[in-house]
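Would you be able to build a 3D model of this:
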Amino acid sequence: MTTTSTNPSGAAGSEPAALHRAIGWKDAFWMASGVPALVLFSIGGIAATVGSPSWVIWMLSVAFGFIQAFTYAEIAGLFPSKSGGASVYGAAAWVRYSKVIAPLSVWCNWLAWTPVLAIGAGLAAGYILASFFGADAAINQWQVNLLDLSFLNEGLTLRINATSIIGTVILLAVFAAQHHGISRAAKIQTFMGLAVMIPLLIVGIVPIVTGDVLATNLFPIVPSSGAWNIEGWTLFMGGLFIAAWSAYAFETAICYTSEFRDPKKDTVRAILAAGVVCIIIYTLVPLAFQGYLGVDGMLQPGIVDGSAVAGVMAQMVGGGSVIFPLMVIMLFLALVLAIMTSMAGSSRTLYQGSVDGWLPRYLSHVNEHGAPTRSMWTDLGFNLILLMMSDYLFILAVSNCCYLVFNFLNLHSGWIHRIDNKDAVRPWRAPTILLWAGGILAFVNAVLLGAGANVWGEGTLRSAIIAILLILPVFAWRHWVIDKGKFPPNMLEDLTAAGSSDLSVRKAGFLPYLTILAGLTVVFLANQIFQL
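The predicted model follows:
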């Protein structure tokens, strides 16, 4: 089996050196096939908060994500020996300008992706409990409170209940499925992906064909505040804010660059193929859902929390009680698929962050199958804590703050790489107009971060800032204490392949610093102007 780089720890022995080159772009596509299912995580929450414009929000958000994907496809091609996703490739641009900003990008990407494990497991556990027990059953009422977290967000607690216990079992099962490496995981996700995407497409298409999508349920496009005033625009941007977490997420298809057999061709094919599928599903499913139910129907508690979604989907395709059990199974598989996608991608972000010198060294380990098991265990342990939190929507909102910070930095890394590594070989070069469009969308994301975060709870942005700043002591320990202020040789070698390993060469001058300042200013102004 071919491996991708030298042992990051420099140790000799039987331990495999790195991830294995074992997949093609189709495998990566199926590894990212859990992303379309993410629409189910917040379709009800966005409709309940924003109102009738929710279907427009999903279309806009996935269009933004597709435009951004072109930048990510280009920078991934510069680093055929790296995995971990766009944040890793973007960090290589920012490291010339700040040792702190570069690991912050990687950290924010991981904080954005890893909570999918907890949220997905929690929702999947909820489906199991709802299928076998009534809402008033003792098992659904049992709970042990461990810690009051109201200082982060009002009413937030850490607790153990049936949901967290069943969710833990689901996460352990996903871990076992991925323990044997990327090739086997891709095969499993191919079958699950088909079992999920086909029903999602049916749900999106059938109501439109049968005429059950009513224009009166889609128009007029007016926010729940009743007018397009400051409050209305704030709600709309709050919807775009939370949708981004799902609709941009197919960029995870490039998390496996160093595991591609032909990274020069596979990288761009994987991300664009995943993007096309997401455009279709993120357009059809919200449109059909709202067109069938109407805004009032989508405000039902069972839609907002997800427990009644399977029943509605069965009605939408005309199956009634016959189709209902199949829809429950499909939704459960969709959530498990999303968990598998997240564990595969986020664990590789941790792994590559360790190899490159941003994160603790112990995360560089891989097992005999080429699976980054220590990173997977870290993912699992962190999410077992998140799984015990009482408000998954708050977790999602904090996670998305980190995601938009990552997107801002990495969309700008595209033009920084163009300037600093002008003559580097680019297996695929994004059209310049799309590179500029990505830079503009970076500032759109900054507006959404400032305006939309607090729509989902007063402590959202504050909690996200605390989470983001945790990287400072983590990176300081690794870089200045463990590595004595020097980066691992592998990271510098990768920079040489992309252009130059001389970190003192900064051809972009002050532009990256001005970009950071402008981004912070936009977030602050948006936060002050758009208020509920």
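
For burial, what's the neighbour tally of I202?
Per other Cβ atoms under 10 Å, the neighbour tally for I202 reads 18. To be clear about C-beta, it is placed using only N, CA and C from the backbone, and glycine gets the same treatment.

when you give positions from now on, start the count at 58
From this message on, residue numbering opens at 58, which makes the last subject I259.

quick one: it and G191, what's the gap?
29 Å (Cβ to Cβ, to the nearest Å).

L168 too?
36 Å.

And for L341?
Distance, L341 to G191, by Cβ to Cβ: 33 Å.

Of the two, give the one with the bigger neighbour count.
Using other Cβ under 10 Å, the more surrounded residue of L341 and G191 is L341, with 22 against 10.

Can you tell me which helix or strand of the protein has the lowest average pLDDT?
In the chain, no helix or strand scores lower on mean pLDDT, DSSP states H and E than helix 546-555, which sits at a mean of 71.

where does the protein dip in pLDDT?
58-75, 237-238, 240, 362-364, 376-377, 553-559 (pLDDT under 70).

Would you map the strands across it?
Ranges of strands in the chain, per DSSP state E, are 200-205, 214-218.

Give me the buried positions along the least confident helix or strand of the chain.
Within helix 546-555, the residues that count as buried by 16 or more other Cβ atoms under 10 Å are 547-549, 551-552, 555.

so of the strands of the chain, which one's packed in deepest?
strand 214-218 (a mean of 16; mean count of other Cβ atoms under 10 Å).

Who are the packing partners of that strand?
strand 200-205 (3 or more Cβ pairs under 8 Å, 6 or more residues apart in numbering; DSSP states H and E).

quick one: the strand it packs on to strand 214-218, angle?
Put simply, strand 200-205 runs at 160 degrees to strand 214-218, going by axes from the mean of the first three to the mean of the last three Cα atoms, to 10 degrees.

Only alpha carbons, please: show strand 200-205 as PDB.
C-alpha atoms of strand 200-205 as PDB (Å, rounded to 0.1, in the frame of the first residue of the first chain):
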ATOM      1  CA  GLN A 200     -32.500  12.800  33.200                       C
ATOM      2  CA  VAL A 201     -29.500  13.500  35.500                       C
ATOM      3  CA  ASN A 202     -28.300  17.100  35.600                       C
ATOM      4  CA  LEU A 203     -24.500  17.400  35.900                       C
ATOM      5  CA  LEU A 204     -23.700  21.100  35.400                       C
ATOM      6  CA  ASP A 205     -25.500  24.400  34.900                       C
END
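
Compute the number of surrounding residues for I124.
The burial count for I124: 18, using other Cβ under 10 Å.

okay but it is in contact with W493, surely?
No. With contact defined as Cβ atoms under 8 Å, I124 does not reach W493; the gap is 10.3 Å.

picking up where we left off before, can you tell me which of the buried residues of helix 546-555 is closest to Q200?
Nearest to Q200, judged by Cβ to Cβ, of the buried residues of helix 546-555 is M548 at 46.0 Å.

so what's that closest one up against?
Residues in contact with M548 (Cβ atoms under 8 Å, 6 or more residues apart in numbering) are 149, 412-414.

before we move on, the earlier item: I'd like the strands of the chain laid out as TSV, including distance to I239.
What follows is these, written out as TSV (distance: least, Cβ to Cβ, whole Å):
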stretch	distance to I239
strand 200-205	36
strand 214-218	33
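
Can you check which of those gets nearest to P93?
In terms of Cβ to Cβ, the element of the strands of the chain nearest to P93 is strand 214-218, at 29.1 Å.

ok, back up a step: distance from the least confident helix or strand of the chain to the middle of the chain?
Centroid separation for helix 546-555 versus its chain: 27 Å, with Cα atoms, centre = their mean, to the nearest Å.

Return the alpha-carbon coordinates of that helix using CSV.
Extracted C-alpha coordinates of helix 546-555, given in CSV (Å, rounded to 0.1, in the frame of the first residue of the first chain):
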residue,chain,number,x,y,z
PRO,A,546,10.3,19.4,8.1
ASN,A,547,7.2,17.9,6.3
MET,A,548,5.3,21.1,6.5
LEU,A,549,8.2,23.1,5.0
GLU,A,550,8.6,20.5,2.3
ASP,A,551,5.0,20.9,1.3
LEU,A,552,5.5,24.7,1.1
THR,A,553,8.4,24.1,-1.2
ALA,A,554,6.2,22.0,-3.5
ALA,A,555,3.6,24.8,-3.6
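
Could you measure from the nearest residue to F346 once chain neighbours are set aside over to F232?
Leaving aside its sequence neighbours, F346 sits nearest to I100 (Cβ to Cβ, 6 or more residues apart in numbering; 6.3 Å). To F232, I100 is 28 Å away according to Cβ to Cβ.

out of these two, which sits in the busier spot?
More crowded of I100 and F232, by other Cβ under 10 Å: I100, with 25 against 20.

quick one, what contacts the more buried one?
Residues near I100 by Cβ under 8 Å, 6+ apart: 111, 115, 342-343, 346, 355, 360, 366.

are any of the residues you listed buried, and which?
111, 115, 342-343, 346, 355, 360, 366.

And for the nearest residue to L582 once chain neighbours are set aside, the neighbour number?
Spatial nearest neighbour of L582, chain neighbours left out: G507 (6.9 Å); criterion: Cβ to Cβ, 6+ apart. Other residues lying near G507 total 25 when counted by other Cβ under 10 Å.

Quick one: residues contacting G507.
518, 579-585, 587.

that older thread, between the contacts of M548, which is closest to V531?
Using Cβ to Cβ, G414 comes nearest to V531 of these, at 11.7 Å.

For A79, give me the backbone phi and psi.
Main-chain torsions, A79, degrees, to the nearest 10: phi -130, psi 0.

Check whether it really touches S315, as I assumed.
No. Judged on Cβ under 8 Å, A79 makes no contact with S315 at a distance of 10.7 Å.

Looking at those two, which one has more neighbours?
Neighbour count, other Cβ under 10 Å: between A79 and S315, S315 has more, with 25 against 20.

Give me the distance between that one and G142.
Counting by Cβ to Cβ - S315 and G142 are separated by 11 Å.

Check which residues of stretch 438-445 are buried.
439-441, 443-445.

mind putting the residues you listed in CSV, distance to W302 included?
Output for the buried residues of stretch 438-445, formatted as CSV (distance: Cβ to Cβ, whole Å):
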residue, distance to W302
F439, 17
N440, 16
L441, 21
L443, 14
L444, 18
M445, 21
